[in-house]
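>>> the sequence isn't on hand, but the structure is:
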C-alpha cells in the first residue's frame, strides 16, 4: 500500500499551508485557508475521494477556505465528509448558515476539546480512524491563560458533558440531570439561541450544521426550499450562543499514522517446512497455526511467525501549528511527556511507528526561537522537516496561469496590466547550521512518499505547467505568436493615435480583483472590485474568497497602505462568492500598526452583519468595543436612494444615516446610496456620487431592472454583472442574472458614459464572447479581467485592446493545452 504527503499550497501572499495525505482509495486535507479551491484548480490535482478535512485552528488563517470548498465538493458529487477541528469548530461552521449549504452533502463535524482540564492526562485514542489512517490530536495552548482556565471552569462550548470519543468521533455525554430535549426547547415561541449553554448549545450548533448539510439520504427537520435557500428552523436568524473569548486561541497538532503493513510471506521457508500451496497455507496467511508433515517426515506446527516476515512499522506524518512563541512551551510539553512523546527523541529505536516527516507551521519568530530549534533537533536524524514561516519562505506566484497571461498583457499596456508582485527569495534564510540537515522551507507541489519512503521531491507535472517563472527568469519578453504580435502592435498604435476628450473623474481607478462568478478558475477569481479615489481613499465592492490575496499581489508591500486607506466596503448580498473573503480583510486590518484612526464603514444587509458578528466571537474582525480597528455598520436599506431615513429603530438602523454622512465627508462624496435589485437573495446595488461631478454605479447581482436605471441615471461608469452570453437569456433569468447584451442595454438606458462588464460565468474562464463593434454615440464598453488597473479616463482603451487580449488567450490555450475543468461548468450552481 503506497501513500504520500504533499504540499498543495504554502505560506504566500495569497495562500496558507495546506497539506494533503493521499492513498489510492482516499484523500485527507489538513487546513483549508483562502484559495484552497483555486490551488486545486491551478495544480490540476483533484479532490475526488476526499474523506476528511482537519483544521489546526478555526479562523481566517487556517480555515477561511472551508465554505467554498464544501460547496465545491458537493457540486462535484461528493456525498459525505468528516470535518475535524478544535473547540469552536461548530460555532465556526454554524456562523456560515446563511450562505453555505448543500442538500446532497452530509458533513460530520468532529469538534476536539482544547481545554486544559480535558488535557491533563495523555490520551492516545484517535480522533479519527478508518482503514487507511488514524489521526491523533494534541492541543497546543498559548502561555496566556484562557478565560476558562483562569476561572477554573470550562467554557460552555466544551463542558465535560461534551467530550469527543476520540475513537469514533462521536460525543459521549456524562450523566446529567434530565432536561428538555432540543426539539422541546426550540418549539417554545420565545426560543432564543443566545440563551443556550453547555450541551444544549452544542446540540443546537450540530442541528444547524445538519440543516446546512443534511445529505441526500437524510430527512432533516429543515431542508432546501425550491429556490435553493435553507428552510429555516426557529431561531435560525438569531445570533449563535455565546462562546468564551480567548485570544490567542489554542491550536491542534496532528499525528497521522498510516496502516501497519504485514510482512512478506516466505514461500521457500514454507515449502521447507512442508507447508505447500493450498488451504493450509491460506490459513497460516490469515494468522492461524496449522499442523503439517515436512519433507523430513516430521509433523510440526507452523504459524505466521515461522513463514511471515516482520510487519512494517506504520509511517507517521506530523502537522504542528505553532502560531506564536507563546505556544512553544505547550507544544514541547506534549512531546516531552504527553501523548506525542513517542514521536520525539533520539533514544532507543521506536518499535511501533516510523516518523517520516514533520510539517512545521510557524508564526513570527517561532522557527528562530532557541527552544523551537532545540525541539526540531530532538527528532531522529532521518526525519524530514518542512517549515512554513512567512519570513523564511519565498513568495513566488501561486496562480501561475493567470500571472503568465498578465505578463503577456503587460507588454500590451504596462499601466493597465501590471505584473503581479512576487519574490523568489525569502526575507530570511533558515539557519542551516542550527537545524537538522533534512530541514527545508515549504514549497507548493512538494511530495514526500511515506510508503515506500523517499526524500521530498517536486511534482514534475506542476513544474512543467508553470510558464510564468521561467518566463520572468529568462529576462526576455514573452514569446508572442505572429497573430498576437500583430494584434498587440496594431492596438498600441491605435491608442497612441487616438484623441480623447477630457473626462470628469478620469483619474479614479478601478482595480478588478475578481471577475468570475460562483467559483474561482485558473484565470478569474470570484467577485471583488476596488475603487480608488485619488487623495481620499478606497471603496471595495464585494469581497469574494481570495480578495486579500489579489490585493497583496496587485500592490505588494503597499497593500498595507491600501488597507489603511480603505474607507468603505460594500457587500451586495449574502451569496458566498461575494463576501467569503471579507472576514480575512477585516482580520488583516486588525494587524495595522499603529491602528487606523478612522473607522471602516461597512455597507450591507442584516444577514451579512449577523454572520460577521457570530464570526467575531472566534476572531476579532472589528465589531468589539475594544477592537484595534473598528468597523462601523451601515445597513443597505437605511441608505436606499428613496429612503429619507428614520429616527427610530435599533442601533444599526439609527446609526446608518449619520455614518453614511461621515463616510461621504471622508471620501469627498456628494452622496452614497443603495438601490434594491432583483436576485435570488436580497441584493443591492450601489451609487457613488462625488462632489466633483462623477459617479459610479455598481449593479450587484441582478436581472435587468429599471430601478438601477433610475437610481444611476447619467453615471460616469456603470459596473454591471454579465454572467451569461446573449444566447442564454432563459438561463440568465432562471438564475436571476444578466446577459452581456442586457447589461449593456441597462447602461445605454441609464445614459452611462462607460460600462465595465464583470462577474462572468465559469463557462467563460478566459475571454467572454466578443460583443459587436461600438457605434457612434454608444457608451464605452469594456470587459473586466483580474488585476486590471483601469482609470476611468482610460476605460476606452479596453475596447481597443479586446482583440489583442483574445488572441493572447488563444496563444495560451495552444501553449498549455486545453484541459477540462475540475468542475464541469454545467455542474456549477451559479449564485
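Perfect, I can see it now. What you see is a predicted model; the values in this text were computed from it and never measured. Residues are numbered from 1 along each chain as shown.
>>> wasn't residue 531 part of a strand?
Yes. Counting by DSSP: H, G, I helix; E, B strand; the rest coil, residue 531 is part of a strand.
>>> count of residues packed around it?
23 (other Cβ atoms under 10 Å). Any C-beta I mention is one placed from the backbone N, CA and C, and that applies to glycine too.
>>> same check on residue 603?
So residue 603, with other Cβ under 10 Å, has 28 neighbours.
>>> and it, its phi and psi?
phi -100, psi 120 (degrees, to the nearest 10).
>>> likewise residue 560?
Dihedral angles (degrees, to the nearest 10) for residue 560: phi -70, psi -30.
>>> verify the stated contact: it with residue 589.
No. Counting by Cβ atoms under 8 Å, residue 560 sits too far from residue 589 to count as a contact (9.7 Å).
>>> ok, the two, which is more surrounded?
residue 589 (25 against 17).
>>> next, find the distance separating the closest residue to that one other than its chain neighbours from residue 747.
Leaving aside its chain neighbours, residue 589 sits nearest to residue 629 (4.6 Å; criterion: Cβ to Cβ, 6 or more residues apart in numbering). Using Cβ to Cβ, to the nearest Å, residue 629 is found at 36 Å from residue 747.
>>> residue 612 too?
32 Å.
>>> what of residue 256?
From residue 256 to residue 747 the distance is 54 Å (Cβ to Cβ).
>>> of those two, which one has the most company?
Taking other Cβ under 10 Å, residue 256 and residue 747 do not tie; residue 747 has more neighbours (29 against 26).
>>> which element is the more buried one on?
Using DSSP states H and E, residue 747 falls within helix 740-750.
>>> now find how far off-centre that helix is within its chain.
On the basis of Cα atoms, centre = their mean, to the nearest Å, helix 740-750 sits 34 Å off its chain's mean C-alpha point.
>>> each with direction, which strands does the very next helix or strand once past it pair with?
Next in sequence after helix 740-750, counting helices and strands by DSSP H and E, comes strand 754-758. Neighbouring strands of strand 754-758 in its sheet, by DSSP bridges, are strand 717-721 (parallel), strand 780-783 (parallel).
>>> of those strands, which stretch is the most buried?
Comparing the strands paired with strand 754-758 by mean neighbour count (mean count of other Cβ atoms under 10 Å), strand 717-721 ranks first with a mean of 28.
>>> after that strand, which helix or strand is next?
Downstream of strand 717-721 (by DSSP H and E), the next one is helix 729-735.
>>> three-state assignment of residue 615?
helix.
>>> that one and residue 97, how far apart?
With distances taken as Cβ to Cβ, residue 615 is found 12 Å from residue 97.
>>> now do residue 369
Taken as Cβ to Cβ, the span from residue 369 to residue 97 is 40 Å.
>>> also residue 461?
39 Å.
>>> what about these two, which has more around it?
Higher neighbour count among residue 461 and residue 97: residue 97, with 22 against 11, using other Cβ under 10 Å.
>>> could you point out where the stretch 51-200 of the chain is predicted with low confidence?
116-123, 144-178 (pLDDT under 70).
>>> and the helices in it?
60-63, 66-75, 89-94, 147-150, 182-186, 198-212 (DSSP state H, counting those that start in this stretch).
>>> those: which one's closest to residue 776?
helix 66-75 (44.0 Å; Cβ to Cβ).
>>> which residues are in contact with the closest one?
32, 36-37, 47, 50, 53, 55, 81, 83, 92-93, 96, 99-100, 102, 104-105, 107, 213, 519-520, 545, 576-577, 580, 823, 827-829 (Cβ atoms under 8 Å, 6 or more residues apart in numbering).
>>> make it 7 Å
Applying Cβ atoms under 7 Å, 6 or more residues apart in numbering, the external contacts of helix 66-75 come out as 32, 36-37, 47, 50, 81, 96, 100, 102, 104-105, 107, 519, 545, 576, 580, 823, 827-829.
>>> of the residues you listed, grab the buried ones for ChimeraX.
Here is the ChimeraX command that selects the buried residues among the contacts of helix 66-75 (16 or more other Cβ atoms under 10 Å):
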select :32,36,37,47,50,81,96,100,102,104,105,107,519,545,576,580,823,828
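>>> now, the contacts of helix 66-75 that are in strands?
Mapping the contacts of helix 66-75 onto strands (DSSP state E) picks out 50, 81, 107.
>>> which of these sits closest to residue 585?
After measuring the ones in strands among the contacts of helix 66-75 against residue 585 - Cβ to Cβ - the closest member comes out as residue 107, at 26.3 Å.
>>> please name the nearest non-neighbouring residue to the closest one.
Residue 107 sits nearest to residue 213 (Cβ to Cβ, 6+ apart), 3.9 Å away.
>>> CSV for the ones in strands among the contacts of helix 66-75, including distance to residue 687?
Listed next are these as CSV, based on distance: Cβ to Cβ, whole Å:
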residue, distance to residue 687
50, 43
81, 42
107, 40
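>>> right, I'll call it a day here.
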